[in-house]
Structures are given as C-alpha cells and as structure tokens.
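A.B. asks: got a sequence here, can you build the structure:
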Amino acid sequence: MSGPVPTVFVVDDEPSVLKALSRLLRSARLNVATFDSPKEFLERHDPYAPGCLVLDVAMPGLSGLELQKTLAATGAAVPVIFLTGRADVPMSVQAMKRGAVDFLTKPLNDKSLLAAVRGAIEKDHVNRQAQAERSEIQRRLAMLTPREREVMDHIVSGQSNKQIAADLGTVEKTIKVHRARVIEKMKVRSLAELVRLAERAAITPVPPMA
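C.D. replies: Coordinates of the predicted model:
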C-alpha cells in the first residue's frame, strides 16, 4: 500500500516568490502548499503529513530559524530547505546544526532547488520508514511478559541458555521455553535477526555476571 503523497510546504512573506516557487514545483509534478507566514504554517500544518519545508529565513514576526526551532521543540521532523537573500555563513551553520538539509541563496537556481527538494523528500521518506519500524519493534516488545523481556535482554547479550538460567536462578528448560516465546512474539527467525531488532530499538546488552 502506498501512503499519502509528499507535499512541499513553502513559507515566504513575498507573494511573488510564493507564486514563482509554486509554479516551478508544480511543473516538476510535486504537490505544493504555500503559506505567507510561519504563523499561518503552524496553524495549518499537519505534522504527520509527509514532505519537506522550503522556508525563507528573514520574515516579519517569527523568523525562519525560529520556526525551525519551534518545529524541533514539538518533535516535528520535517526536513527544511532554507532560502535567503544574502549569504550568511554563521546563520547557515546554525540552520544545518539544527537539521536543515540545504541553505540556498536567492535568486534561486531552479535545478538546485528541485534537487534539494527531491533530496529532502527522500530523507523524509527514509526517516518515516525508520520511525515506523521502531514503532513496530516497540509494539512487539510490549507483548513480552517481564520475564520474557528479561530473557531477551540476556539473549541479545550473547549468553547461552545455560548462562541465562544461572543468572536468573532457574533451569535451562524454562529458559528454552521463554526463548521460543520471545522468537515467536518478536517475529524473527534467527538470533541474528533478534539482535538487529534489539539494536534498532536501542536495547542495551546485559553485562555478564561476575
């Protein structure tokens, strides 16, 4: 199943710039939504909508950098491409440190903008796939009983059933049962696959007992 079509969200306080960018992006068969201020964008934007943000740096009221900061504070991870009327190295460095994917100077080169937009949309797609995968892993983890989760933590640390049984004060046969249930609930077919899932979920390996 294909998800929602990505949208390029353009925020600029100059109507002529909004019109020109909208025309260019639509000519490249991209969905476009335009906003004449960061305030309007914040009021109307759906943080779950896929795509990227093309954002003017200098605007009255809330600046582009401030909008980027506000979005980051709310957990919105939309990739940002900044537009500016003048080259400003410190400003561009600040924007890139906060996760901007590009910083373009007006007048814009059409090819450079389109390349940046396509790259940002691809980045957003990859980020959303990774987030969906992490959410699915967390859903599977939530199905484990506390004991099964404990056993899993030891498994991904590379311990044998015998070692786990000794650590947890039980018998090896019981650990084998828990291990089988972990494999089933986590929907994996091998220990290597289980370890990869644990890494994606940032599960810290259990240190060996002294």
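A.B. asks: now for the chain, the helix or strand with the poorest mean pLDDT.
C.D. replies: helix 89-97 (a mean of 66; mean pLDDT, DSSP states H and E).
A.B. asks: following it, which helix or strand comes up?
C.D. replies: strand 102-105 (DSSP states H and E).
A.B. asks: which pLDDT value belongs to M209?
C.D. replies: Here the pLDDT value assigned to M209 is 54.
A.B. asks: with T170 instead?
C.D. replies: 94.
A.B. asks: element containing the residue nearest to the spatial centre of the chain?
C.D. replies: Among the residues of the chain, the one closest to the centroid is N127, at 3.5 Å (C-alpha atoms, centre = their mean). Per DSSP H and E, N127 falls inside helix 110-142.
A.B. asks: and the next helix-or-strand element following that helix, which residues are buried?
C.D. replies: Counting by DSSP H and E, the next helix or strand C-terminal to helix 110-142 is helix 146-155. Neighbour counts over helix 146-155 (16 or more other C-beta atoms under 10 Å) mark 148-155 as buried. Any C-beta I mention is one placed from the backbone N, CA and C, and that applies to glycine too.
A.B. asks: only alpha carbons, please: show helix 146-155 as CSV.
C.D. replies: Backbone C-alpha positions of helix 146-155 (Å, rounded to 0.1, in the frame of the first residue of the first chain) are rendered in CSV as follows:
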residue,chain,number,x,y,z
PRO,A,146,8.5,-9.1,32.1
ARG,A,147,10.3,-12.4,32.3
GLU,A,148,10.4,-12.9,28.6
ARG,A,149,11.8,-9.4,28.2
GLU,A,150,14.5,-10.2,30.8
VAL,A,151,15.4,-13.4,28.9
MET,A,152,15.5,-11.5,25.6
ASP,A,153,17.9,-8.9,27.1
HIS,A,154,20.3,-11.8,28.1
ILE,A,155,19.9,-13.5,24.7
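A.B. asks: that one - what's its average pLDDT?
C.D. replies: Summarised as a single mean, pLDDT over helix 146-155 is 94.
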